[in-house]
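K.L.:
generate a structure from the sequence data that follows.
(one chain, ligands or ions: 1)
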Amino acid sequence: MHTITLIPGDGIGLEITKAVTDIFSAAQVPVQWEKQNAGQTTFDQSGELIPQALLDSLEKNRVALKGPITTPVGKGFRSINVSLRQKYDLYQNVRPSKSNAGIVTRYEDIDIVLFRENTEGLYSGLETWDERLGIADSTNRITVAGSRKICRAAFAYAAKHNRKKVTLAHKANIIKMAGTLMLNACKEAAAEFPQIQFEDKIIDNMCMQLVNKPEQFDVIVTTNLFGDILSDLCAGLVGGLGVVAGANIGDDMAIFEAVHGSAPDIAGQGKANPTALLRSALMMLHHLGEHGHADRLEAALDATLLQKEKCTGDLGGKASTSEFAQAVIDNLK
Ligand code: NAD
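P.N.:
Residues are numbered from 1 along each chain as shown. Just a heads-up that it's a prediction; the model follows:
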């Protein structure tokens, strides 16, 4: 039995975590949940944005499943997501985007895994504002150590999963120092894995090629901000934010989370699609070595996605979040 920290989050987080935990119970997956929350709701109740009890639970269990947490725009508290990623050095943000027979999109053969550096760059939180001069500075801090770790992780993943190619997306032609640093780190990693093809592309060209000919890409590695944007672009290629998984992985802790936000526009209405969080939970099961349970649940999810009327509105169906979860349970073999 694995004990996992469960962070429901805000907005649709409550609905989608309930759907996933119901599916896990019905499938008798050997997981028990330790529920802890963070964010505005928690602050309103307890006066703490990230309660110590949550940190204790994470440090004990080392694995968590997390719903989306609302982050105020422009003011207010710093992103809880970014804080946890930096505190525990969860330097890999791993985002697979794969075509699915049940989800009709403009493209058919996409199978991309994106590695986004998760702790540095423009997310470092190094910002200053000079009111007198009217100048805001946001520091794009990239380190040799951080770049080496994320580039090596992307190549190691490619080698382990029989992938053919790693593409680095960068802007070293303009952001010469930080960009070149990442490019050099990637060349070093590529030399360690000669069986994997390596290429680099400038980020603007990369965006064009991703919408034009996405099937040419296999594993992508990039910086924090470029990765944030590219990973949503890749999600859009295979059906949108409601269907793709995400994981924040460090050397000794991992937090699996749906890549979408708290969707305040549909929260509490039973409209949220739990697929993204369920897929993240399946990544978590593989991480725990529970491959059989992950495969069984994935087959049930894929079967449900083929039954359009059992899907949620974002996929063209009419089902509620809980009806979708029940359909996955009914499809368990
Ligand atoms: P969002 O992902 O919450 O919503 C974008 C659009 O996608 C909305 O129309 C929403 O209804 C839809 N959508 C998202 N998830 C869906 C699902 N599972 N099923 C069906 N439709 C879904 O993005 P946003 O509106 O830019 O952000 C809202 C809040 O979420 C912000 O406070 C943001 O900071 C936060 N956020 C958190 C995380 C995280 O916790 N990892 C990630 C992204 C955004």
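
K.L.:
and stretch 206-225, C-alpha only, in PDB?
P.N.:
Presented in PDB, the C-alpha positions along stretch 206-225 are these (Å, rounded to 0.1, in the frame of the first residue of the first chain):
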ATOM      1  CA  MET A 206       9.800  25.700 -33.100                       C
ATOM      2  CA  CYS A 207       6.300  27.100 -32.500                       C
ATOM      3  CA  MET A 208       5.700  27.300 -36.300                       C
ATOM      4  CA  GLN A 209       7.000  23.700 -36.900                       C
ATOM      5  CA  LEU A 210       4.900  22.400 -34.000                       C
ATOM      6  CA  VAL A 211       1.700  23.500 -35.500                       C
ATOM      7  CA  ASN A 212       2.800  22.800 -39.100                       C
ATOM      8  CA  LYS A 213       4.400  19.300 -38.700                       C
ATOM      9  CA  PRO A 214       4.200  18.200 -35.100                       C
ATOM     10  CA  GLU A 215       4.700  14.500 -35.900                       C
ATOM     11  CA  GLN A 216       8.500  15.200 -36.500                       C
ATOM     12  CA  PHE A 217       9.000  15.800 -32.700                       C
ATOM     13  CA  ASP A 218       9.700  13.100 -30.100                       C
ATOM     14  CA  VAL A 219      11.300  14.400 -26.900                       C
ATOM     15  CA  ILE A 220      11.500  18.200 -26.400                       C
ATOM     16  CA  VAL A 221      13.600  19.900 -23.700                       C
ATOM     17  CA  THR A 222      13.500  23.700 -23.000                       C
ATOM     18  CA  THR A 223      13.600  26.400 -20.400                       C
ATOM     19  CA  ASN A 224      10.900  27.200 -17.800                       C
ATOM     20  CA  LEU A 225       9.000  29.900 -19.700                       C
END
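
K.L.:
what residues does it touch?
P.N.:
Residues outside stretch 206-225 that contact it (C-beta atoms under 8 Å, 6 or more residues apart in numbering): 107, 109-123, 142, 150-151, 154, 157-158, 163-170, 178, 182, 186, 201, 203, 230, 233-234, 237. Backbone N, C-alpha and C define where each C-beta goes, glycine included.

K.L.:
out of those, which are inside helices?
P.N.:
If you go by DSSP state H, the contacts of stretch 206-225 have 150-151, 154, 157-158, 178, 182, 186, 203, 230, 233-234, 237 in helices.

K.L.:
for these, work out which two are farthest apart.
P.N.:
Ala178 and Leu237 (27.4 Å; C-beta to C-beta).

K.L.:
what subset of the contacts of stretch 206-225 is buried?
P.N.:
Among the contacts of stretch 206-225, those buried by neighbour count (16 or more other C-beta atoms under 10 Å) are 110, 112-123, 142, 150-151, 154, 157-158, 163, 166-170, 178, 182, 186, 201, 203, 230, 233-234, 237.

K.L.:
interface residues of the stretch 1-150 of the chain facing the ligand?
P.N.:
Residues of the stretch 1-150 of the chain lying close to the ligand by C-beta under 6 Å from any ligand atom are Ile12, Pro68, Ile69, Thr70, Thr71, Asn81.

K.L.:
mind listing what the closest residue to the ligand within the stretch 101-250 of the chain touches?
P.N.:
The stretch 101-250 of the chain approaches the ligand most closely through Gly242 (3.6 Å), counting by C-beta to the nearest ligand atom. By C-beta under 8 Å, 6+ apart, Gly242 lies in contact with His260, Ala272, Asn273, Thr275, Ala276, Thr312, Asp314, Leu315.
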